[in-house]
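Asker: Need coordinates for the below:
(chains A and B)
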Amino acid sequence: MSEAVWILGINMTKFGKHPDKDAAGLATDAVLAALVDGGVTMKDMGVMAAGNLMGGGGIGQVIQKQVGQTGIPVYNVANACATGATALRTVIMAIKAGECDMGLAVGVEMIAGAGLLAGGSRGADSDTWVPSGRYGAVTSVDGRIGTETMPGVFAQIGQEYGYAHNVDASFELFARISEKNHAHSVLNPLASYQKRFTLEQIMGDMMIAYPNTRPMCSANCDGAAAAVVVSDAKLKTLSAEQRRRAVKISASILTSDPWEEACQILPNVNTLTRNAANQAYEQAGVGPSDLDLVELHDCFATAELVHYDNLMLCEPGGAVDFFNSGATWRDGSTPVNVSGGLESKGHPIAATGIANVWEICHHLRGEAGDRQIQGAKVGMTHVIGLGSACGIHILEKSAA
Amino acid sequence: MVTMSNQVPLVDYLVLGDTPHLEANECTACGARFFDHRSACASCSGVSFKKVSIPTEGFVRTFSLVSMAAPGIDVPFAAAVVECGGTSIRANVVNTPVDPEHVTIGMKVRLATFPIGKDSEGTEAIGFGFEPLEVK
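Answerer: Reported below is the predicted structural model:
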């Protein structure tokens, strides 16, 4: 067993609209605040990993120009909606490998007001029908052969749960999941929405892809998050206050999707997540019942349901009953997305997989204010990116 | 007069003619099926494939009624996963109203083809979807 790795400092910006900033500027806010939170400076960092999915490559060096060009290696990473978790895991791997004893992970996205992030544009029909590509298509197939839009893809993933387990995964059930997350974000001053919706408002809002209405979809917003990671040996040399606030990374896992029938048609985020969860629980030596709170990838209300099952928070096939029991509300047995989740806190893509770690750290440090989950000792973060990648981190309160 | 030779399928895995059907590339080593051209098998890394015909009847395993899509795409439409003889197919459910009363999980469907337009040389592209086996 390799030695532990810790979160020393971490920060997320307000998620929402930042028209006065560019991506590097917003990322800088998160980086400088994470360094201050950890009581360290850029000169202490031995490695940096950065993500900015919609902005193209090279954001890491652009950020360095604003926070300190110390000559350390930068890994610019892209892994769809798992980009932030991938940046964090890259730094963790570098430290575990002994290449350095401290590193910085950062993710930033500027997508406030963006519409459909996939399937949002379609090429014009060509003048002559000429087959091209691996499907030999003579023109665009989006909308003609299914959908490329994420709300539609994840709607199918949620609806399939009902079929696979012979349970009633209804429009209203999915809307109630969204109702929960929007209710949670009222207590989160950094969330995009901070607005409670009634069930009727959610179900009556604009339909995007049945059964997902607009408030049941990720909130596109600007946001950044950054984390300073430290080795166990280095942490032991730091102050008592730094050791007390450090959060242990008990598991850091990244998986891709194994081949299965139908995965060419509809990505299987279930096996992807279940594989990551199994590895994470084994690495951390904890089980689902040990989790005091979970931040999971509710990119759509239909996605949250399936991940209750995939993360083994409930019995196989039991996600509907599990939600209906109230377990995942903030006063339930396994609070899920007390931040508001992607639906209400927001989903600035590359920032999400670090911002969810910030949320858990906030509770484990006892610094979450009005939305503090009392006595929280163990938490889990989960993101997926289609294509596919799944990142899971299990975090534990410092014993110091 | 338009003859069959003036038609092309929307995708090359749609086989036109008297009995239109879908055709998959099946890995000769492990049996995994792909509608696109694979360099090697994603399941077993084999490099040999053969063409197999997919049954034209099946059922809807899941769906979404898509109301927001790129400009130029007619909405709403019913995007679905249809399972035919154990092979999953991405397709729209067609020839039925696009609402949750008419498009349902488990509904039995069959392949349907239809023209989607002509190019500048008069060639007609033929698309496909799945229509209800029984009218509700």
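Asker: For the residue in chain B that chain A sits nearest to, give me its contacts.
Answerer: Closest to chain A within chain B is residue B:12: 2.8 Å, counting by Cβ to the nearest Cβ. Every C-beta, even on glycine, is put in place using the N, C-alpha and C of the backbone. Applying Cβ atoms under 8 Å, 6 or more residues apart in numbering or on different chains, we find residue B:12 in contact with A:131, A:135, A:136, A:137.
Asker: Adding pLDDT, neighbour count and distance to residue A:52, write the residues you listed out as TSV.
Answerer: Shown next, in TSV, are those (pLDDT from 0 to 100; neighbours: other Cβ atoms under 10 Å in any protein chain shown; distance: Cβ to Cβ, whole Å):
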residue	pLDDT	neighbour count	distance to residue A:52
A:131	94	14	36
A:135	95	18	31
A:136	95	18	35
A:137	95	22	31
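Asker: Of the residues you listed, which is the nearest to chain B?
Answerer: Distance to chain B across those (Cβ to the nearest Cβ) is lowest for residue A:136, with 2.8 Å.
Asker: Was I right to think that closest one contacts residue B:13?
Answerer: Yes. Judged on Cβ atoms under 8 Å, residue A:136 makes contact with residue B:13 at a distance of 7.4 Å.
Asker: if we can go back for a sec, ramachandran angles for the residue of chain B closest to chain A?
Answerer: Residue B:12 adopts backbone torsions of phi -80, psi -10, taken as degrees, to the nearest 10.
Asker: ok, which of the contacts of residue B:12 also contact chain B?
Answerer: A:131, A:135, A:136, A:137 (Cβ under 8 Å from any Cβ of the partner chain).
Asker: can you list the residues of the stretch 1-150 of chain A near chain B?
Answerer: Contact residues, the stretch 1-150 of chain A versus chain B (Cβ under 8 Å from any Cβ): A:115-116, A:119-122, A:124-129, A:131, A:133-139, A:141-147, A:149.
Asker: Buried among these? Need that as a selection in PyMOL.
Answerer: Paste this into PyMOL to select the buried members of the residues of the stretch 1-150 of chain A next to chain B, with burial taken from 16 or more other Cβ atoms under 10 Å in any protein chain shown:
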select buried, chain A and resi 116+119+120+122+129+135+136+137+138+139+141+142+143+144+145+146+147+149
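Asker: For the stretch 201-350 of chain A, which residues are neighbours of chain B?
Answerer: Contacts of the stretch 201-350 of chain A with chain B, taken as Cβ under 8 Å from any Cβ, map to A:206-212, A:259, A:261-262, A:264-266.
Asker: who wins for most neighbours among the residues you listed?
Answerer: residue A:212 (33 neighbours; other Cβ atoms under 10 Å in any protein chain shown).
Asker: which regions of the chain lie under the pLDDT threshold?
Answerer: Here I'm looking at chain A. For chain A, applying pLDDT under 70 flags the ranges A:1-2, A:400.
Asker: other chain: chain B
Answerer: Scanning chain B for pLDDT under 70 picks out B:1-5, B:135-136.
Asker: May I ask which two of the ones next to chain B among the contacts of residue B:12 are separated the most?
Answerer: Put simply, by Cβ to Cβ the two of those set farthest apart are A:131 and A:135, 8.4 Å from each other.
Asker: who touches both of these two?
Answerer: B:11, B:12.
Asker: Now for residue A:285, how many residues are close by?
Answerer: Residue A:285 has 12 neighbours, counted by other Cβ under 10 Å.
Asker: pretty sure it contacts residue A:250?
Answerer: Yes. Taking contacts as Cβ under 8 Å, residue A:285 lies within contact range of residue A:250: 7.3 Å.
Asker: Pull the number of nearby residues for residue 55.
Answerer: In the absence of a named chain, chain A is used. Neighbours of residue A:55 using other Cβ under 10 Å come to 18.
Asker: think we crossed wires, I meant chain B
Answerer: 14.
Asker: what sits against it?
Answerer: Taking Cβ under 8 Å, 6+ apart as the test, what residue B:55 contacts is B:84, B:85, B:87.
Asker: do that again at 10 Å, thanks
Answerer: For residue B:55, the contacting residues are B:21, B:22, B:83, B:84, B:85, B:86, B:87, B:110, B:111, by Cβ atoms under 10 Å, 6 or more residues apart in numbering or on different chains.
Asker: Can you list which of the residues you listed are found in strands?
Answerer: Among these, the ones falling in strands (DSSP state E) are B:21, B:22, B:83, B:84, B:87, B:110, B:111.
Asker: export these to a markdown table and tack on neighbour count and distance to chain A?
Answerer: As requested, those are arranged in a markdown table below (neighbours: other Cβ atoms under 10 Å in any protein chain shown; distance: Cβ to the nearest Cβ, whole Å):
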| residue | neighbour count | distance to chain A |
| --- | --- | --- |
| B:21 | 17 | 15 |
| B:22 | 22 | 11 |
| B:83 | 20 | 8 |
| B:84 | 20 | 11 |
| B:87 | 19 | 8 |
| B:110 | 14 | 16 |
| B:111 | 22 | 12 |
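Asker: what's the burial count for residue 132?
Answerer: If you meant another chain, say so; for now it's chain A. Other residues close to residue A:132 by other Cβ under 10 Å number 11.
Asker: wait, chain B
Answerer: Look at residue B:132: counted by other Cβ under 10 Å, it has 19 neighbours.
Asker: Excluding sequence neighbours, find me the nearest residue to residue 22.
Answerer: In the absence of a named chain, chain A is used. Excluding the flanking residues, the one nearest residue A:22 by Cβ to Cβ, 6 or more residues apart in numbering or on different chains is residue A:110, at 7.3 Å.
Asker: um, chain B though
Answerer: residue B:54 (4.3 Å).
Asker: Repeat that for residue B:41.
Answerer: residue B:27 (4.1 Å).
Asker: What are the neighbouring residues in contact with residue A:34?
Answerer: A:7-12, A:40, A:104-106, A:224-228, A:354, A:358.
Asker: Can you show me the strands along the chain?
Answerer: You didn't pick a chain, so chain A it is. Going by DSSP E, chain A shows strands at A:5-12, A:47-51, A:74-76, A:102-110, A:207-210, A:212-213, A:222-231, A:247-256, A:293-295, A:378-385, A:389-396.
Asker: if you could check chain B rather than the one you did, that'd help
Answerer: Using DSSP E, strands in chain B cover B:7-9, B:14-15, B:21-27, B:33-34, B:49-54, B:57-66, B:77-84, B:87-93, B:108-118, B:124-132.
Asker: Need the contact partners of the second one.
Answerer: This points to strand B:14-15. Applying Cβ under 10 Å, 6+ apart, the external contacts of strand B:14-15 come out as A:135-137, A:145, B:8-9, B:20-23, B:35, B:51, B:53-54, B:111, B:113, B:126-128.
Asker: Swap in 8 Å and give it another go.
Answerer: Strand B:14-15 is contacted by residues B:9, B:20, B:21, B:22, B:23, B:53, B:113, B:126, B:127, B:128 when judged by Cβ under 8 Å, 6+ apart.
Asker: The first one and residue A:191: what is the separation?
Answerer: Using Cβ to Cβ, to the nearest Å, one obtains 48 Å as the distance from residue B:9 to residue A:191.
Asker: neighbour count winner among those two?
Answerer: The neighbour comparison of residue B:9 against residue A:191 (other Cβ under 10 Å) goes to residue A:191, with 25 against 22.
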